[in-house]
Every structure is written in C-alpha cells, then in structure tokens.
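Visitor: Starting from these lines, generate the structure:
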Amino acid sequence: MSERLRYGIKNPLFSIAILAVSGAAAFLLSISGLTHYWDTNLYDYCINTRVVSTDKSRSPIVATIDLNDRSIEALGEDLDTRRSFADLVNVLNDSNTSVNFDFLFTSVKSHDDDFTSAVEWSGAAVVASLAVRENIFDQPNRPYRELNEREKELFARHVWHINVVNEGKIPVAGTFILPVPSLIESATQIAHINVEPDEDGIYRRANLLYKWGDGYIPSLPLAAGVLYWGIPVESIILKAGEYLAVPLAEDEIIKIPIDEYGRVLIPYSENWVDQQNRISFDNVVKARYDDDAFDEVFSTLTGKIAIVAEISTSQKDFGPTSFESLYPLSGIHVEVLSGFLDWSIDRAFIGTNASSYKLIVISLILIAAFIFINIKGELFSHLGFVSAVAFLTSAALYRWLQWAIAPWFAFPAILLLLLWAGSFLSRLFIRYRAQLLMQNALSRYFPRALAERIMKEGKTDLKPGYKDLTILFSDISGFTKWSSDKKPEDVHGFLNEYLENMANILFAHGGTVDKFMGDGILAFFGDPFEMEDHTERSIEAAIAMQKEVRILAEKWKPLVNIDLKVRIGINTGKVIVGNLGSKTRVEYTVIGAAVNLAQRMESNAPVGGILVTSHIWEKVKDKFNFTEKKNVSVKGYEEIIEAYVVDQGIK
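Guide: Down below sits the predicted model:
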C-alpha cells in the first residue's frame with residue numbers, strides 16, 4: 001500500500017472534485033424523482049407501522065355517524081326527503097353534540113325547512129361544499145357553473161380572512177359546488193371536503209385551505225376544530241411551507257405543519273374498523289322517538305364533535321392509504337380533526353423537514369466526507385462512511401418516533417453512498433499506481449517465489465486487516481552485554497549470518513519476517529496467504545531455529561567468544577496485519593494484543609527454549625511434546641497466563 005493511500009487522498013482539490021461530482025450526481029437522482037420515490041415508500045412503511053403496531057388512537061372527542069347500508073335500508077324515503085337528517089340534527093342538538101356533514105346537499109327536498117332549522121339551532125354546524133380548482137373551472141366545456149349573486153352573497157360570510165405571512169401556492173378555487181341557499185344561510189360554517197391523492201393514487205395529504213376571492217375557505221376538519229376551540233378566525237396565521245398557526249391563548253398556539261400548497265400530512269392513527277365512538281345513522285334517528293335509544297346515544301355522543309358521512313357500499317368515496325387498500329375518505333377528515341384536537345399530545349400531527357434542517361444535514365455530510373476521504377487509514381475511512389449512514393438512519397428514526405417528523409433519508413443516504421464510492425474508486429486508482437513500487441519492497445518480507453505469487457495473485461496492496469495469525473518472537477540471550485565490547489565488524493558479521501539463517505528457516509516453513517530488531521526477530525504465520533496449519537508451522541520453525549542456533553554456536557564460539565543461546569516465544573490470535581508506517585518508510589507488520597503476548601512469552605522463555613501460550617498448546621498438544629507448564633505474570637494482564645515449554649521433539 002502506498003503512503004498516500006495509507007493516509008488518505010491528501011489532495012484537497014481532488015477531494016473537492018469528489019464532493020462536487022457526487023453532489024451533482026445525487027442532485028440529478030433527486031430531480032429524477034428517485035429519492036422522492038424511496039422516501040415515500042419509507043414514509044408509507046412508517047405510517048403502516050404507526051397504525052398497525054402502536055397503541056396510538058384518535059381523539060376521543062371525535063365521533064363518527066355512519067350512513068351505512070343498514071341505515072339506508074332502515075330509513076328509506078325519509079333520507080331522500082331529509083326528514084331523517086332533520087331528526088339526526090335535533091338529537092345531536094339535544095345531546096350537546098357539534099355536527100359536521102360530509103354531504104353535498106345540492107338539491108331542494110321536502111323537509112329542508114326542518115333540516116335547516118335544526119342546523120341553525122345547532123350554532124356549531126359545518127356543512128360541506130366542494131371546491132373546483134381555478135385551472136379546472138377555466139377549461140372549455142366545463143361541467144361546473146359560476147355562483148349566482150345570491151349564492152355569492154350568502155357564501156361571503158363563510159370566507160375566512162386570516163393573517164397571511166406567506167401565501168405560498170394555496171390552490172385557488174374557480175367556483176364551489178354549494179349546498180342549497182337555505183342551508184348556506186343556516187350553517188355556522190361552509191367548508192370544503194376536497195381530498196386529493198398523491199400521484200400514485202395514495203391518500204397521504206389533505207388540503208386545509210382553498211383561496212376564494214380575498215379570503216380562504218377552510219376544510220371541514222379545520223373548521224370543526226376552530227369552532228370547537230372558539231378561535232377568532234382573524235387570529236389564524238398562514239405561513240405556507242411551514243405552518244398554519246391557530247392561537248388558543250397568548251402562550252398556546254396550535255401549529256399545523258403544512259407544505260407550500262397548504263396540505264397537511266394526514267396523521268393516521270387507526271384502521272377504520274378499529275376506530276371507537278362510531279354509531280350508525282339510523283340509531284341516532286331512532287333516538288328522536290325512543291327514550292331508551294336516546295339515552296344510549298346521549299351517553300355515546302354528548303359533548304363530542306360528530307362527523308356524519310356515508311360509507312355505504314354504493315358510495316365511491318373510498319381510496320387507498322399507506323396501510324389500507326380501501327379506506328373511506330371521510331376517515332381522513334376524522335384523522336385531521338383528531339390531530340387538531342390532540343395538538344398538545346406528541347405526534348398529533350406529522351411534521352416535515354424544514355429547508356434549514358436539510359441544508360445543515362447536507363453541509364455536515366460534505367464536511368464529514370471530506371474528512372473521511374482524507375482520513376488516516378482506509379479502514380477508518382470506510383468506518384467513517386458507515387458511521388455516517390448509521391447516524392443518519394438513527395436521526396431519521398429518532399425524529400419519527402419522538403416527534404413524528406416524516407423521514408427525509410433517501411437524498412442524504414444516496415449522497416453518502418456516492419461520496420463513499422468516489423473515495424473508494426480514488427483509492428483504487430492510487431493503489432494501482434502503487435503496485436510497481438510495492439513489487440520492489442515485497443522481497444524484504446518474503447522469499448522470491450512467494451513474492452512473485454503475491455504479485456501474480458494481485459495481493460500487492462497488503463492493506464491492513466484483521467486475521468488469526470501465529471506470532472513468533474526470538475531474541476539472543478545476553479546479546480547486548482556481549483556486543484558492548486566487541487568490534488563492530490565482528491558483531492556485524494555474526495549477526496548477518498545468524499539473521500540470514502533464521503530468515504531462511506522461517507521462509508522455508510511459510511513464515512513472514514516482519515522485522516529484525518537488532519538481534520531480535522518478529523515473524524508471523526498465516527499471512528499474506530491463508531494456511532490452516534500456521535500454528536504447527538510456527539513450532540516446527542522454532543525447533544528448526546533452535547537446532548540451527550546450536551550449529552552456529554559451535555562455529556562462532558571460537559571466533560567471537562559468544563555463548564549463543566536464543567529464547568523464542570509464540571502466541572496465536574486475531575491481529576491487524578498490513579502495511580503501516582509513515583510517508584517516508586512503510587513496514588508490513590502485525591499489531592494487536594496477540595503480538596504483545598507473544599513478545600512476553602519470549603521474554604519469559606527459558607534460555608535456549610521455546611515458550612508458547614495455552615492457545616498454542618490447545619491446538620498442537622497432540623502433535624508436540626511439552627516439558628513444563630508455567631504460570632506467567634504478564635504486564636497488562638490481570639490474570640496469570642498459562643504457558644508451556646516445548647521440548648523440541650515431535651511425536
């Protein structure tokens with residue numbers, strides 16, 4: 001591995017180029033819609049988990065009155081004449097229940113007088129209308145008509161005039177499909193019930209406002225909530241792209257997160273079938289004439305806000321959500337109103353990620369990536385990117401679980417992936433250039449045949465990694481004292497022959513010479529190529545070394561008066577192995593606790609002997625003899641280390 005690779009790219013302009021190219025690629029993927037698609041799928045998963053797997057439920061203040069198939073059959077013609085609607089409102093009035101109709105009463109019926117009188121007496125009745133967007137209304141052959149002067153006059157008092165900080169892109173209505181004039185006049189508020197799916201047909205958002213003239217028409221749940229809290233409309237603040245603020249008091253403000261179109265993410269909390277406080281339309285009507293039925297309705301609905309909607313099988317107001325393929329759209333009004341009423345409860349509304357938050361995240365990613373690209377060590381670079389992804393994932397998950405902020409994950413995750421890829425490819429390029437330099441250095445570690453094999457098999461990077469290896473340390477006993485008064489040429493001549501012979505033995509047994517430390521040798525077995533018997537090979541090599549030492553002792557004793565004896569220590573374990581060093585000098589070496597323990601074995605070995613750890617003994621006790629068990633106290637280890645002395649004989 002080259003020095004440049006070991007310490008990172010180390011070229012600011014090159015690093016900045018990686019950041020720029022990766023950022024541009026991430027931006028192109030973003031505008032293609034890919035990141036939005038991934039985030040949408042992640043959001044759907046979160047919503048599904050929220051609905052199916054949590055105990056979150058909608059506000060108990062909201063009740064739903066279902067005009068189902070049974071009600072339609074039971075009430076018959078009274079529904080068509082609106083007599084049943086009049087009876088229902090009267091029961092709700094007697095129960096002190098606010099009423100909100102998810103119905104379009106566009107035609108005149110025989111019992112409208114009774115119905116409108118009951119609605120007027122309610123004092124908190126919201127009646128539905130349907131907004132027709134301006135761009136649809138302006139199309140040729142439009143099926144919608146303009147409002148007449150009478151309708152405009154009546155409708156004008158239902159228009160909200162709120163405090164607008166940022167109007168954004170709130171949709172403009174070209175006209176409205178309104179209820180009959182008598183109902184417009186008697187209703188407390190006319191509100192729109194428009195609910196539109198996303199491009200894929202899934203209902204995730206709800207429009208809170210439609211612009212009409214110089215004001216706005218609220219959605220049914222928004223109007224119901226404002227009436228419930230008794231909030232002056234003029235105190236409401238619109239800041240499209242951020243929030244719709246509804247102040248309850250000086251220090252209490254309901255802030256509904258909205259996008260620039262005034263849409264809120266629907267705070268789904270329950271499957272429709274699991275929702276409580278539901279009652280059949282015909283049961284409420286029956287309570288008008290049956291005291292027992294009234295008592296039941298009164299106990300269920302008193303003091304609540306009721307949303308009345310048709311959910312019959314003939315009704316088409318159903319659509320898919322993130323968790324349910326067929327969901328009544330009236331349930332969306334229920335969930336939005338529930339979030340409005342539970343505003344003080346955690347996760348009442350689903351938040352969005354502000355532009356400032358996104359900018360901060362992207363900036364931090366670019367800064368972190370610049371550091372990781374130039375970080376010391378390729379492993380740490382990879383770990384840095386992995387850690388960044390883990391942190392990003394944790395942040396998105398925490399923000400969802402803690403504050404119900406919709407995940408914004410795909411773009412920063414892709415950006416990190418591209419930055420990592422750019423860094424990795426750059427390092428590969430640098431590594432390729434370094435191979436020629438490495439070829440000359442390999443002969444320092446391995447015999448020529450092995451060095452050629454390493455180059456042939458493409459292992460010239462020798463990058464650091466964790467491996468299970470066997471480590472061997474050897475040291476000449478009394479060498480420092482002996483060499484202190486000897487001629488340099490005598491020491492040099494003896495040491496050269498000794499080290500060369502020891503290295504040849506190590507090479508012959510498949511060992512790798514890490515370094516010579518004066519008279520000491522550090523070698524390891526099991527790398528750069530795997531060998532299953534590296535522990536056995538190390539002991540065989542140690543025995544051969546001791547045999548060669550005895551031969552050299554006879555030769556050099558009369559020449560330089562050295563009593564040549566060597567201690568050898570061996571241990572096995574997981575170590576980091578690879579090229580390490582500085583810009584000017586690199587070594588292929590091993591580091592780790594297993595290396596340190598091997599050195600301690602050498603220092604505690606008997607003179608002329610071989611001392612191995614219990615890890616070695618366990619692996620080779622059936623193949624070698626051991627003369628002695630020793631309990632060794634080793635610096636850095638609290639417990640006594642078991643060690644064994646090899647008798648230098650093979651069974």
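Visitor: hey, let's count contacts and neighbours off CA atoms from now on
Guide: OK.
Visitor: Now do the SS call for the residue lying farthest from the centre of the chain.
Guide: In the chain, the greatest distance from the average C-alpha position (Cα atoms, centre = their mean) is reached by Pro558, at 73.1 Å. Secondary structure, DSSP: H, G, I helix; E, B strand; the rest coil: Pro558 is helix.
Visitor: Spatially central residue for this protein, please.
Guide: Nearest to the chain centroid, counting by Cα atoms, centre = their mean: Thr393, 2.0 Å.
Visitor: so what's that residue up against?
Guide: Phe409 (Cα atoms under 8 Å, 6 or more residues apart in numbering).
Visitor: How far off centre is the host helix or strand of it?
Guide: Element membership for Thr393, per DSSP states H and E: helix 378-403. Helix 378-403 sits 7 Å away from the centroid of its parent chain (Cα atoms, centre = their mean, to the nearest Å).
Visitor: any idea of the mean pLDDT in that helix?
Guide: Helix 378-403 shows a mean pLDDT of 90.
Visitor: Could you list the buried residues of that helix?
Guide: 378, 381-382, 384-385, 388-389, 392-393, 396-397, 399-400 (16 or more other Cα atoms under 10 Å).
Visitor: Same question for stretch 516-523.
Guide: For stretch 516-523, by 16+ other Cα under 10 Å, it's Asp519, Gly520, Ile521, Leu522, Ala523.
Visitor: closest to Ile332 among these?
Guide: Lowest distance from Ile332 to the buried residues of stretch 516-523 (Cα to Cα) belongs to Ala523, with 71.7 Å.
Visitor: quick one: secondary structure of that closest one?
Guide: Applying three-state DSSP: Ala523 is strand.
Visitor: Just the strands from the stretch 351-500 of the chain, written as ranges.
Guide: Secondary structure of the stretch 351-500 of the chain (DSSP state E, counting those that start in this stretch): strands located at 465-476.
Visitor: which residues of it score low on pLDDT?
Guide: 431-462 (pLDDT under 70).
Visitor: how far away is Asn41 from Trp408?
Guide: Distance of Asn41 to Trp408, given as Cα to Cα, to the nearest Å: 11 Å.
Visitor: Between those two, which has more neighbouring residues?
Guide: Trp408 (25 against 13; other Cα atoms under 10 Å).
Visitor: what sits against the more buried one?
Guide: Asp39, Asn353, Ala396.
Visitor: Same question for Asn100.
Guide: Residues near Asn100 by Cα under 8 Å, 6+ apart: Ala125, Val126, Val127, Ala128, Leu220, Ala224, Ile305, Ala306, Ile307, Val308.
Visitor: With Asn90 instead?
Guide: Ala118, Arg288.
Visitor: now for the contacts of Asn100, which pair is the farthest apart?
Guide: Pairwise over the contacts of Asn100, using Cα to Cα, the maximum falls at Ala128 and Ile305, 15.2 Å.
Visitor: And the pLDDT for the residue farthest from the centre of the chain?
Guide: With respect to pLDDT, Pro558 scores 91.
Visitor: What distance do you get for it to Thr480?
Guide: Taken as Cα to Cα, the span from Pro558 to Thr480 is 19 Å.
Visitor: Each with direction, which strands does the longest strand along the chain pair with?
Guide: Ranked by residue count under DSSP state E, the longest strand found in the chain is strand 566-581. On the basis of DSSP bridges, the sheet neighbours of strand 566-581 come out as strand 465-476 (antiparallel), strand 586-591 (antiparallel), strand 610-613 (parallel).
Visitor: avg pLDDT for it?
Guide: 89.
Visitor: Show me which positions of that strand end up buried.
Guide: Buried, per 16+ other Cα under 10 Å, within strand 566-581: 566-580.
Visitor: Helix or strand next in line after the helix or strand containing Glu153, which one?
Guide: Using DSSP H and E, Glu153 maps to helix 149-156. Sequence-wise, the next helix or strand downstream of helix 149-156 (DSSP H and E) is strand 163-166.
Visitor: Out of the buried residues of helix 378-403, the closest to Gly592 would be?
Guide: Checking the buried residues of helix 378-403 one by one against Gly592 (Cα to Cα), the nearest turns out to be Glu378, at 17.8 Å.
Visitor: now the closest one: how far from Ile18?
Guide: From Glu378 to Ile18 the distance is 16 Å (Cα to Cα).
Visitor: Check whether Asp80 really touches Lys109, as I assumed.
Guide: Yes: Asp80 lies in contact with Lys109 (Cα atoms under 8 Å); the separation is 7.4 Å.
Visitor: Am I right that Glu540 falls within a helix?
Guide: Yes: assessed with three-state DSSP, Glu540 lies in a helix.
Visitor: ok, how many other residues are close to it?
Guide: Applying other Cα under 10 Å, I find that Glu540 has 18 neighbouring residues.
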